[in-house]
Each structure stands twice: as structure tokens, then as C-alpha cells.
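Peer 1: My questions concern the predicted model and sequence given below.
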Amino acid sequence: MREVDGLKERSLVTKLAEVMSQVKHIPKNGFNKFHKYHYATEADVNEKVREELFKRNVVLIPNMKSHTVREHKTNANKTEYIVTAEIEFTFMDGDSGETIAFTVFGEGQDAGDKGVYKAITGAQKYALMKAFMIPTGDDPEADNQNENETGQGKTIKNDPPAALKAKYQMGKGSLDGFEEWVADQRSKGRSFNQMEHVLQQAIEKKGA
């Protein structure tokens, strides 16, 4: 921390820590009609964090480093496009000029030209939530266990399988809210296989 005009200037890390102390919880104002669950929206996260960053003269600058696009056929035989974007986010202190950068990947699926925007939106939402450790009331580790036990009687913790992510994207069009949905399904005692079955039923109903 250096002195400017005899006053100690707060470092960027200190300012970000102050933001973290103020943004303690984001309400789930969004509702996914397709999968029927509540989630914290990108707008809710941005609004709360932006206010606190503004008070401290800190801005967040996104920079897309790369992106890929792949075609995907839905059950209704429609072509959609899945975009994976690598985005570097940089916190910049307007007082000291200090910067802190980190990279996040986002994915978005759309039948038209909105895949990139969905990928960016999802990446920024989770970049802010993870950078400031913002809770939404869900704990994905609470029931993050494999259905099969080892011979030693221990359970193996694992992440949601890629097939589950793919089906979620197929139904909703992006991965926005995926973690919250999985946590909600786990709270109902559903396994990954059961979650895939739920998604498959919803996709078939949507395509009918």
C-alpha cells in the first residue's frame, strides 16, 4: 500500500476484499420453466457486484481470447450450435492502475447467432460468483458422491458427467443455471442417471 498526498491508498486486492464482504448472497430471482427450478440470474449478479465495484473505482474488462463452434443435432433433428468461449477478465483499479486478470470458459447453445453471447453471459456470471465466492444457497458438494462404492467401503466423489451437461444444454440452450439445477436435483435424492432421465423426458416433451 503506497501513500498519495499523505494518504494511504488501498490496494486493488483490498478493494476486492471489501466488495466480497458486501456481496454476501444473491437471491434466485430467475426461474427456468423448462427444467422447473429457480436460479440466480446474470443480471442479479452483475447489478449487485457492479454497485460495489463502482464505489471503489474498480472496473471489470472482458477479453475473448478464443472460441470454438460445433454443430449439434437435437432430438427433433434441428441443427443448433454450441459455442465454447475462453474469456480473460481483468479487474482494473481506477486509482492506482493495478490490474488482476483471470480466465474463465463459458458455453452457449443456440439455433441462431446467439451462442457467443450466451457463452459470454454465462462466463461473466460465474466469473463474478467464483471471484467473490458468492453463495446462492446451494452446495454442490453436499451430495457429490458416486452411486457405486469401492471395495474399501469408501465413496468416490465426482462431477456431473458430460452427457448430463449436453442434455441440459440441449433443453435450455446454454449452461446458465446448470450448477443450481444439479444441486436442486441432488436435494431431491436423484442420481445422475435419474437426472438424465428427467432431462430426456423434458426434451422429448418440448420436441413433441
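Peer 2: Arrived safely.

Peer 1: Name the residue closest to the centre of this structure, please.
Peer 2: With distances taken as CA atoms, centre = their mean, Tyr126 lies nearest the centre of the chain, 3.5 Å away.

Peer 1: if I read this right, it contacts Gly106, doesn't it?
Peer 2: Yes - if you go by CB atoms under 8 Å, Tyr126 and Gly106 touch, sitting 7.3 Å apart. Every C-beta, even on glycine, is put in place using the N, C-alpha and C of the backbone.

Peer 1: still on that earlier bit, what pLDDT does the residue nearest to the centre of the chain get?
Peer 2: Tyr126 is assigned 87 on the pLDDT scale.

Peer 1: ok, now Gly173?
Peer 2: We note a pLDDT of 75 for Gly173 in this prediction.

Peer 1: How about Thr150?
Peer 2: On the pLDDT scale, Thr150 is placed at 38.

Peer 1: likewise Val83?
Peer 2: Looking at Val83, its pLDDT is 91.

Peer 1: residues in contact with it?
Peer 2: By CB atoms under 8 Å, 6 or more residues apart in numbering, the contact set of Val83 is 67-69, 107-110, 115-116, 118-119.

Peer 1: mind running it again at 6 Å?
Peer 2: 67, 69, 108, 115-116, 119 (CB atoms under 6 Å, 6 or more residues apart in numbering).

Peer 1: Ramachandran coordinates for Gly106?
Peer 2: For Gly106, the backbone dihedrals (degrees, to the nearest 10) come out as phi -130, psi 150.
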